[in-house]
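A.B. asks: Sequence and computational prediction follow.
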Amino acid sequence: MAKYKNAEILATVISHWMSTNFSINYVIDILSIDGENVAIPDDNSYTFSNIDTNHTIHVDFAVGIKESDIEGAITLYPNPATHYVELKIENDHLNVKNIEIYDAYGKLLQILPILSTTTTIDFSIYAPGVYFVRLNTETGYLTKKVVKK
């Protein structure tokens, strides 16, 4: 579960009677002008220029990190585990603040700080069962399931 909400949708009708410029400087997921999709540059910005007629502009703004981007950047192994689980973060831009360990009933068992890209989690203190490791990032949460043998 990542905090990638379905994009926040903004539909705007812009009416200008004279030539105008304006920019969208947010992370743009989808942009269409008068019903035609527009390619978004790599810098995720778009500048409208020489606007002299009425246009309908539809913009979907991304409000988080796509789960697929996070999934590929986080590794928990071994899983199932017996004693320890290694958490490896392969993307410095995720800015993981801490991790929380929950049991199958949702009870918070432990909070651990993230001090490096690799963190060892001691599961030997827990009974066999299913646990959830929740990573808290600046942009949201990602939860992974761990099975303790």
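C.D. replies: It's in.
A.B. asks: hmm, who's touching stretch 118-125?
C.D. replies: 81-89, 99, 101, 112, 131, 133, 146, 148 (C-beta atoms under 8 Å, 6 or more residues apart in numbering). All C-beta spots, glycine's among them, are computed from the backbone N, C-alpha and C.
A.B. asks: Those in strands, which ones?
C.D. replies: Members of the contacts of stretch 118-125 lying in strands (criterion: DSSP state E): 84-89, 99, 101, 112, 131, 133, 146, 148.
A.B. asks: What residues of whichever helix or strand residue 135 is part of count as buried?
C.D. replies: In the assignment (DSSP states H and E), residue 135 maps to strand 129-137. Across strand 129-137, burial judged by 16 or more other C-beta atoms under 10 Å covers 131-137.
A.B. asks: pLDDT on stretch 104-114, on average?
C.D. replies: Mean pLDDT, stretch 104-114: 93.
A.B. asks: in that stretch, what's buried?
C.D. replies: Neighbour-count burial for stretch 104-114 [16+ other C-beta under 10 Å]: residue 114.
A.B. asks: Show residues contacting it.
C.D. replies: If you take C-beta under 8 Å, 6+ apart as the criterion, stretch 104-114 is touched by 87, 89, 96-103, 119, 121, 126, 129-132, 135.
A.B. asks: ok so, going back, any idea of the angle the strand holding residue 135 forms with strand 84-89?
C.D. replies: Here strand 129-137 runs at an angle of 30 degrees relative to strand 84-89 (axes from the mean of the first three to the mean of the last three C-alpha atoms, to 10 degrees).
A.B. asks: what's the farthest-apart pair in the ones in strands among the contacts of stretch 118-125?
C.D. replies: The two members of the ones in strands among the contacts of stretch 118-125 with the most space between them (C-beta to C-beta) are 89 and 148, at 21.4 Å.
A.B. asks: tell me the pLDDT at the residue lying closest to residue 30 once chain neighbours are set aside?
C.D. replies: Nearest residue to residue 30 in three dimensions, chain neighbours excluded: residue 60, at 4.1 Å (C-beta to C-beta, 6 or more residues apart in numbering). Predicted confidence (pLDDT) at residue 60: the value is 73.
A.B. asks: Surely residue 60 touches residue 28?
C.D. replies: Yes - at 7.4 Å, residue 60 and residue 28 qualify as touching, with contact defined as C-beta atoms under 8 Å.
A.B. asks: In terms of neighbours, single out the busier of the two.
C.D. replies: Remark: of residue 60 and residue 28, residue 28 carries more neighbours, 19 against 16, as counted by other C-beta atoms under 10 Å.
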